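S.K.: pasting the structure only:
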C-alpha cells in the first residue's frame, strides 16, 4: 500500500512539475516574443484570473477537505454562486482598466473556478493524480497553443488562447474524473459549508491578493513598464521556489488533516523541513534563473539585484507559510479561521494603503522594488500570526483534549 501511495505521489509530483515547467516556458515565451504592451496585458489578465477565478469557488475548494463524500453536491451548489461572483468581480474591475475583455475574463475565471473545485474534490479523496490533472492540464495546453499561435495563427489574442486552454482542461477533467465525482453525492450541510467556506474565502482573498496583486497594483498605479519589469523578474527567477511551496501545500494539508491532532513538536518538525527544503529550492531557483537570463534574456533586460533579493526572500517565506496555513486550514475551528482571516485583512490593508501612497511617486524599477518589499513584509506578518495561532490555539488546545 505504501509503495502505491508513493508511486501516486511521484506521478502527481511529475504532473505538477510538468505544469509548472509549461507555464514557465509560456511566460518566458511571451516575455521574449510579444510586445511590452502585450506582456503587461498578459500579466494583468493572468493575475486577474488567479484572483477572481481562485476566489470564485468561495472557499469551497478547500472546505471540501471536510466533506469528503459530498463533492458533486458541493459543485452543483456552487456553480451558480461562483458565476454570480465572477460577473460582479469582473465588471467591478473593468471600471478601473480598459485592457480587460469582460466576456473573456468571465469565461476564463469560471473555467478556473471549476478546475479548482474538481481538484479540491479529488484531493480530499487523496486522488492526487486526478487533482493534479485538473490543475496542470491547462498549463500544458497553453504552451502548445501558444506555440501554434506564434507559428500559424499570430492574429489570436493571448487571452483567447488562455480561455481555450482552460475550457479544454475543464472538459478533460470531467471526462477523467466523472466516475469519482458521480459517487460523491452525499448531502451536505449547506449552512456549515457556507460558514467554513466563507472563512476560507476570507483567507484566500488575502492570500491570492498577496501573491498576484503586485501586477495589478503596478499596472494601475505605475504603468506597463514597471509591470513588465516585475513580470520578467518573477518569470525568470521564482518558478522553482514557488513551485515547491505550492506542491508542499498540496501534500501536507491532507496529511495534517488525516492526523487529526498535531502536537507542538510535530509542528516544529514540519516547519523545519519546509523551511530547509524551501531554502534549497530558493537557491536552485536563483541558479536556474541566472542561466535563463544569460541564455534567453541577456539583451532584453538587466537584472535588478535588489528586486531579485527581495523576491527570493519572499519565496522562502511562502515555503514556511505552508505549514501554519495547512494546520489552521485543516484543524482550526471557525472562530480561529475568522480571527486569522481578519488579521490577514489588516496586514493586506496596510500593504495596499502604503502601496497607493508611494508607488506612483517612484521610477519604474523602484516602483517594482517597493511593491516587492511591501509584499515581503506582508508575508512576514502573515507567518508570525499564523504560527502563533497554529501553536497556541490549535496544536496545544488539541493536545489538552487528548
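M.R.: Perfect, I can see it now. Fair warning: this is a prediction, and the values are worked out from it, not measured in the lab.
S.K.: Any idea how far the host helix or strand of residue 226 is from the middle of the chain?
M.R.: Following DSSP states H and E, one finds residue 226 within helix 224-237. Distance of helix 224-237 from the chain centroid (Cα atoms, centre = their mean, to the nearest Å) equals 18 Å.
S.K.: tell me the average confidence for the helix or strand following that helix?
M.R.: Using DSSP H and E, the helix or strand that follows helix 224-237 in sequence is helix 239-259. Averaging pLDDT along helix 239-259 gives 76.
S.K.: Check the offset of helix 239-259 from the chain's centre.
M.R.: 12 Å.
S.K.: now for it, which elements pack on it?
M.R.: Using 3 or more Cβ pairs under 8 Å, 6 or more residues apart in numbering; DSSP states H and E, the elements in contact with helix 239-259 are helix 2-33, helix 102-124, helix 128-152, helix 264-296, helix 305-331. For the C-beta atoms, the positions are set from N, CA and C on the backbone; glycine is no exception.
S.K.: quick one on the thing from earlier: what's next to the helix holding residue 226, contact-wise?
M.R.: Here helix 224-237 makes contact (Cβ atoms under 8 Å, 6 or more residues apart in numbering) with 24, 27-28, 31, 36-37, 39-40, 42-44, 214-215, 218-219, 285-286, 289, 292-293, 297, 300-301, 303-304, 307-308, 311-312, 364-365, 367-368, 371-372.
S.K.: measure residue 157 to residue 201 for me?
M.R.: 30 Å (Cβ to Cβ, to the nearest Å).
S.K.: re the thing from before, what's the angle between the helix holding residue 226 and helix 264-296?
M.R.: 110 degrees (axes from the mean of the first three to the mean of the last three Cα atoms, to 10 degrees).
S.K.: Any regions of the stretch 1-150 of the chain where pLDDT drops low?
M.R.: 1-6, 67-71 (pLDDT under 70).
S.K.: Residue 390: which of the helices and strands packed on helix 239-259 is closest?
M.R.: Counting by Cβ to Cβ, residue 390 lies closest to helix 305-331 out of the helices and strands packed on helix 239-259; the figure is 4.2 Å.
S.K.: Now do the closest one against helix 264-296, angle only.
M.R.: Using the same axes, to 10 degrees: helix 305-331 against helix 264-296 is 140 degrees.
S.K.: Next secondary structure after helix 305-331?
M.R.: Toward the C-terminus from helix 305-331 - assigned by DSSP H and E - lies helix 334-358.
S.K.: now what about that next one, what contacts it?
M.R.: Contact partners of helix 334-358, identified using Cβ under 8 Å, 6+ apart, comprise 195-196, 199-200, 202-203, 205-207, 209-210, 213, 217, 221, 328-329, 332, 370-371, 374-375, 377-378, 381-382, 385-386, 389, 393-394.
S.K.: Quickly list the domain ranges of this structure.
M.R.: Split into domains by automatic domain parsing, the chain comes to 1-187, 189-402.
S.K.: before we move on, the earlier item: mean neighbour count and distance to residue 251 for the helices and strands packed on helix 239-259 - can I get that in a markdown table?
M.R.: Below are the helices and strands packed on helix 239-259 laid out as a markdown table (neighbours: other Cβ atoms under 10 Å; distance: least, Cβ to Cβ, whole Å):
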| stretch | mean neighbour count | distance to residue 251 |
| --- | --- | --- |
| helix 2-33 | 16 | 7 |
| helix 102-124 | 24 | 10 |
| helix 128-152 | 20 | 8 |
| helix 264-296 | 16 | 11 |
| helix 305-331 | 22 | 9 |
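S.K.: Reformat those helices as a markdown table; add distance to residue 350.
M.R.: Shown next, in a markdown table, are these (distance: least, Cβ to Cβ, whole Å):
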| stretch | distance to residue 350 |
| --- | --- |
| helix 2-33 | 29 |
| helix 102-124 | 27 |
| helix 128-152 | 31 |
| helix 264-296 | 25 |
| helix 305-331 | 16 |
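S.K.: List just the one of these that sits closest to residue 252.
M.R.: For these, proximity to residue 252 was assessed by Cβ to Cβ; helix 305-331 is nearest, at 4.8 Å.
S.K.: okay, the angle between the closest one and helix 239-259?
M.R.: Using the same axes, to 10 degrees: helix 305-331 against helix 239-259 is 10 degrees.
S.K.: elements contacting helix 305-331?
M.R.: So helix 305-331, by 3+ Cβ pairs under 8 Å, 6+ apart, packs with helix 190-221, helix 224-237, helix 239-259, helix 264-296, helix 334-358, helix 364-388.
S.K.: Now do the buried residues in the third one.
M.R.: Buried residues in helix 239-259, defined by neighbour count with 16 or more other Cβ atoms under 10 Å: 239-254, 256-257.
S.K.: The first one now?
M.R.: Buried residues in helix 190-221, counted by 16+ other Cβ under 10 Å: 193-221.
S.K.: Same question for the second one.
M.R.: Of the residues in helix 224-237, those buried under the neighbour-count criterion (16+ other Cβ under 10 Å) are 224-237.
S.K.: contact partners of the helix or strand residue 61 falls within?
M.R.: In the assignment (DSSP H and E), residue 61 maps to helix 60-63. Contacts to helix 60-63, defined as Cβ under 8 Å, 6+ apart, come from residues 74, 78, 116, 117, 119, 120, 193, 196, 197, 200, 204, 329.
S.K.: distance between it and the chain's centre?
M.R.: The answer for helix 60-63 is 14 Å, by Cα atoms, centre = their mean.
S.K.: what element comes up after it heading to the C-terminus?
M.R.: Criterion used, DSSP H and E; the element after helix 60-63 is helix 71-94.
S.K.: Pull the residues that contact that following helix.
M.R.: Residues outside helix 71-94 that contact it (Cβ under 8 Å, 6+ apart): 48, 52-53, 55-58, 60, 63-64, 67, 100, 102, 105-106, 109-110, 113-114, 117-118, 120-121, 124-125, 180-188, 190, 193.
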